[in-house]
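J.: sequence? don't have it. structure:
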């Protein structure tokens, strides 16, 4: 009889059950789990990964029941709460110790622990899970609260937090993600079938030191640690040789944060003859002519900028530490070098009024990004934004049946208002572009004009509506979610 599996890792995200993602079809591997898997295997533990992206929950539940690992390690984010609760029950039924990690469980540790999880990991998972597995194997839950980086429930029902866990440094101590544990070709096939090219993700750093109020820092805190240029270049060379992706997604929070590192990295890729097209996220204040030239030379196709708003008043309230003017200037800088620019726009932040919305529309017209994505803000537990709203954060749904995306802010303009505002914004900006470029034809112009007018009328009619008891929560994103930002998977 084979030895018992030490750890079975999964994330419980099922692509087939995500209506939005089925329309987008841009799946990326769960890098966070794969880093943990690689670390634990290097330490000699018996570890397997069940990547549920292309699987089903019943398949994962059967595997848990059949393998009955010592530890069931589950990664959670904003879209997987209901799944985690289901898998916690499956793990306990199979006699596993259920350990949760990721950006969602830490701020909701007590809720998850009271619903069956044995341990919630705060911060990075590699070192904590390594120590935790050894402790659970030898002593079970006795004294587990002394393991650094853990949150548990004591016999008295109170939360017990272990000592703070030191962060891994330097990051080159980490093995590369355990991609051999999952079906990488399936990811590439899905991309090529739906997008025309295959893309793989990687990260070059951990953490973001910026203080945007709505952004969750539940895993890495306000730190920033970089891998060496050589280590990242080695990984890219391996990805090219092993799987031949058509593009890469550098899933860092701010890929261009360290100018010196980026310039050295660009030189190293050039020296090795590595030039794989890619996309990345940046901030306007971390872009200049040298960085833009380097990105173009490396093969960058698109840079995503967290513009968030065209109103400087709202940007300052968000503690973005950037300006709308600089976003416009850096957009032109990138586009002059043939790079596309994508922008993230957040509506509905606290204090926003229609003057701010108009400023955002004018900002987008002036900046003219190649693409922009809009969303309505929502308060993620553990963020400054959430804390500042206090009792105004509401929901009629029980905790088990909702996510932070479904929270509402009492007194804020209604979801119907922002549906109309989004329609107006998107079509007003599109109409401006068509008129400026002199193309599109009359039918297309009329479609956008009519849609913009409909949105404007809807805003006027719903101007007095406010979110209140019984109203649905908004759907939005944090810095680690959405079609582009959720790509990282490691956060």
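T.: Right, received. Where do you want to start? Owing to the predicted nature of the structure, the values given are computational and were not obtained by experimental measurement.
J.: how about residue 191: what's its closest non-neighbour residue?
T.: Leaving aside its sequence neighbours, residue 191 sits nearest to residue 198 (CB to CB, 6 or more residues apart in numbering; 4.6 Å). To be clear about C-beta, it is placed using only N, CA and C from the backbone, and glycine gets the same treatment.
J.: list the contacts of the one you found.
T.: 187-189, 191-192, 244-247 (CB atoms under 8 Å, 6 or more residues apart in numbering).
J.: out of those residues, which sit inside helices?
T.: Secondary structure from DSSP state H places 187-189, 191-192 of the contacts of residue 198 in helices.
J.: nearest to residue 434 among the contacts of residue 198?
T.: Nearest to residue 434, judged by CB to CB, of the contacts of residue 198 is residue 247 at 28.6 Å.
J.: can you count the residues close to the closest one?
T.: Number of residues near residue 247 (other CB atoms under 10 Å) recorded here: 18.
J.: what of residue 138?
T.: Residues near residue 138, counting by other CB under 10 Å, number 8.
J.: doesn't it fall inside a strand?
T.: No: with DSSP: H, G, I helix; E, B strand; the rest coil as the criterion, residue 138 is located in helix rather than a strand.
J.: gap between it and residue 131?
T.: Note on residue 138: its distance to residue 131, by CB to CB, to the nearest Å, is 11 Å.
J.: cool, residue 187 as well?
T.: Noted for residue 187: a distance of 32 Å to residue 131, by CB to CB.
J.: these two: which is more packed in?
T.: Neighbours were counted for residue 187 and for residue 131 using other CB under 10 Å; residue 187 has more, 24 against 17.
J.: looking at the more buried one now. What's its pLDDT?
T.: Residue 187 is assigned 98 on the pLDDT scale.
J.: list the contacts for it?
T.: Taking CB under 8 Å, 6+ apart, we find residue 187 in contact with 27-29, 53, 198, 200.
J.: can you list contacts of the helix or strand harbouring residue 454?
T.: Remark: residue 454 resides in helix 441-461, with elements defined by DSSP states H and E. Defining contact as CB under 8 Å, 6+ apart, one finds that helix 441-461 is touched by 354, 416-417, 419-428, 430-431, 434-435.
J.: recalculate using a threshold of 7 Å.
T.: Here helix 441-461 makes contact (CB atoms under 7 Å, 6 or more residues apart in numbering) with 417, 420-421, 423-424, 427-428, 430-431, 434.
J.: what do you get for stretch 345-359?
T.: Stretch 345-359 has contacts (CB under 7 Å, 6+ apart) with 307-311, 313-314, 317-318, 360, 372-377, 389, 412, 418, 421-422, 425, 474.
J.: pretty sure residue 77 sits against residue 103.
T.: Yes: assessed by CB atoms under 7 Å, residue 77 is found in contact with residue 103 at 5.7 Å.
J.: for the chain, give me the ranges with low pLDDT.
T.: 1-2, 468-491 (pLDDT under 70).
J.: if we use 80, what do you get?
T.: Along the chain, segments meeting pLDDT under 80 span 1-2, 439-440, 468-491.
J.: tell me the domain ranges of it?
T.: Each domain of the chain is listed here as a residue range: 7-161, 197-372, per automatic domain parsing.
J.: can you redo these as a markdown table with distance to residue 398?
T.: Output for the domains of the chain, formatted as a markdown table (distance: least, CB to CB, whole Å):
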| stretch | distance to residue 398 |
| --- | --- |
| domain 7-161 | 10 |
| domain 197-372 | 22 |
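J.: ok, which of those comes nearest residue 382?
T.: Of these, nearest to residue 382 by CB to CB is domain 7-161, at 3.4 Å.
J.: could you work out the end-to-end span of that closest one for me?
T.: 22 Å (CA to CA, to the nearest Å).
J.: now swap in stretch 92-100 and tell me
T.: Stretch 92-100: ends 13 Å apart by CA to CA.
J.: run through who's touching it.
T.: 64-65, 68-74, 76, 84, 88, 91, 112, 116-121, 129, 132, 136.
J.: tell me which of the residues you listed fall in helices.
T.: Among the contacts of stretch 92-100, the members found in helices (DSSP H) are 64-65, 84, 88, 91, 112, 129, 132, 136.
J.: neighbour-wise, which of the residues you listed leads?
T.: Of these, with other CB under 10 Å as the count, residue 129 tops at 29 neighbours.
J.: tell me the contacts of it?
T.: Counting by CB under 7 Å, 6+ apart, residue 129 has contacts 36, 40, 73, 99, 121.
J.: ok, which pair from these is furthest apart?
T.: Pairwise distances across the contacts of residue 129 (CB to CB) peak at 13.0 Å, for the pair 40 and 121.
J.: looking at these two, which is more packed in?
T.: Between residue 40 and residue 121, counted using other CB under 10 Å, residue 121 has the larger neighbour count: 28 against 24.
J.: partner residues bridging the more buried one?
T.: residue 150 (DSSP bridges).
J.: and stretch 220-231, which residues are buried?
T.: 220-221, 224, 226-229, 231 (16 or more other CB atoms under 10 Å).
J.: now stretch 148-167
T.: Going by neighbour count (16+ other CB under 10 Å), the buried part of stretch 148-167 is 148-153, 162, 165, 167.
J.: dump those residues to JSON lines, plus distance to residue 273.
T.: As requested, the buried residues of stretch 148-167 are exported to JSON lines (distance: CB to CB, whole Å):
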{"residue": "148", "distance to residue 273": "44"}
{"residue": "149", "distance to residue 273": "41"}
{"residue": "150", "distance to residue 273": "46"}
{"residue": "151", "distance to residue 273": "48"}
{"residue": "152", "distance to residue 273": "51"}
{"residue": "153", "distance to residue 273": "55"}
{"residue": "162", "distance to residue 273": "47"}
{"residue": "165", "distance to residue 273": "40"}
{"residue": "167", "distance to residue 273": "34"}
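J.: so which pair among these is furthest apart in space?
T.: 153 and 167, at 25.4 Å, using CB to CB across the buried residues of stretch 148-167.
J.: would you map the strands across the stretch 1-150 of the chain?
T.: Ranges of strands in the stretch 1-150 of the chain, per DSSP state E, counting those that start in this stretch, are 7-10, 47-50, 71-75, 97-101, 119-121, 150-153.
J.: what's the neighbour count on residue 3?
T.: 7.
J.: same thing with residue 274?
T.: 15.
J.: distance check, it against residue 27.
T.: Taken as CB to CB, the span from residue 274 to residue 27 is 24 Å.
J.: on that earlier part again, nearest to residue 288, of the ones in helices among the contacts of stretch 92-100?
T.: Residue 288 lies nearest to residue 129 out of those, by CB to CB, at 40.0 Å.
J.: from the chain's centre, how far out does the helix ranked longest in the chain sit?
T.: Ranked by residue count under DSSP H, the longest helix found in the chain is helix 415-437. Taking CA atoms, centre = their mean, to the nearest Å, one finds the center of helix 415-437 at 26 Å from the center of the full chain.
J.: contacts only, for residue 182.
T.: 29, 49, 51.
J.: right, and the first one touches residue 181 too?
T.: In this case it means residue 29. No: look at residue 29 against residue 181 with CB under 7 Å: they stay out of range, at 9.6 Å.
J.: looking at the two, which one has more neighbours?
T.: More crowded of residue 29 and residue 181, by other CB under 10 Å: residue 29, with 25 against 19.
J.: got a list of contacts for stretch 294-311?
T.: Stretch 294-311 is contacted by residues 262-263, 266, 269-270, 275-284, 315, 318, 320, 324, 327, 331, 334, 337-346, 349, 356, 359-360, 362-364, 484 when judged by CB under 7 Å, 6+ apart.
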